[in-house]
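**Q** Whatever this is, show me its structure:
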Amino acid sequence: MLLKLDNVTKRFGGLVAVDHVTLEIEPGQFVGIAGPNGSGKTTLFNCISGVYFPEEGQIVFDDIDITRMPPYRRAPLGIGRTFQIPRPFSSATVRENVAVGAMFGTMSGQISVDESLKLADQTIELVGLQEHRDKAAGSLTPVEKKLTEVARALAMKPKLLLMDEAMAGMHPNDIDEMVAFIKRIAKQEKIAIVAMVEHIMRALVNMAEKVIVLHQGAKLVDAPTQEALADPRVIEVYLGRPAET
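**A** Numbers count the residues shown, from 1 in each chain. So this is what the prediction gives:
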């Protein structure tokens, strides 16, 4: 087992944002986290990556209890993350942005600046950003910034990659290309991927082995993709009416 959450609960005052969520992720597994706005997806991601500590429950990653471990200690263990809104170092080049991932990932303390830049070059080629390598990241298009964000996370050489709405705002053709790319990279690099998806079901259907659906902070469904998306409870949550209607 690569990642295990046991009854993880996160509150903000009287609001229960994540409500006793238990789940398991296997090495190399591709899992989709779905749910409408306010269902607790981002808060769950933040608990896994260390932005928030849960009030209850336990998080174990690769047999290590990381429940109250800060993000800078989780990254070298092999937890990478992208954000819905890309956050590059705008004045730094694409190459330099990606090299930062290499230096603070699983090879932290073991890789020199020159070695991290070489790894950045390899990763940039992997995602198809060679022509933008020496551009300032702040000058990129939104899609190029998303790819830079993915490249930076991949340069960390993670065991688990958390992808926060990586395809939001993309053209359908770009979504299909991104899905194919992510599936290929996950297989090549043997990375478990947990992708957060709000409404882009085509992405889930094409890449996730299983889907975990959240509703009002609690886990509603945890099942193989087709089974999960056909579940009447999921249809009701997304459409706001009983499935039979």
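**Q** The helix or strand where Thr123 lies packs against which elements?
**A** Thr123 is part of helix 113-127, with elements assigned from DSSP states H and E. When contacts are defined as 3 or more CB pairs under 8 Å, 6 or more residues apart in numbering; DSSP states H and E, helix 113-127 sits against helix 94-104, helix 142-155. Any C-beta I mention is one placed from the backbone N, CA and C, and that applies to glycine too.
**Q** tell me the angle of the lengthiest helix in the chain relative to helix 113-127?
**A** Counting by DSSP state H, the longest helix found in the chain is helix 172-189. Taking axes from the mean of the first three to the mean of the last three CA atoms, to 10 degrees, one finds helix 172-189 and helix 113-127 inclined to each other by 130 degrees.
**Q** Helix 172-189 versus helix 142-155: what angle between them?
**A** Relative orientation of helix 172-189 versus helix 142-155 (the same axes, to 10 degrees): 10 degrees.
**Q** Need the contact partners of the helix or strand that helix 172-189 is followed by.
**A** For helix 172-189, the following helix or strand on the C-terminal side (DSSP H and E) is strand 192-197. The contact list for strand 192-197 (CB atoms under 8 Å, 6 or more residues apart in numbering) reads 2-3, 25-34, 41-42, 45, 48, 84, 159-167, 182, 186, 203-204, 207-208.
**Q** so where's the chain shaky on pLDDT?
**A** 166-169, 198-203, 239-245 (pLDDT under 70).
**Q** helix, strand or coil for Val213?
**A** Put simply, Val213 is strand when judged by DSSP: H, G, I helix; E, B strand; the rest coil.
**Q** ok, it - how many residues close by?
**A** Look at Val213: counted by other CB atoms under 10 Å, it has 24 neighbours.
**Q** Check Val211 too.
**A** Val211: 26 neighbours (other CB under 10 Å).
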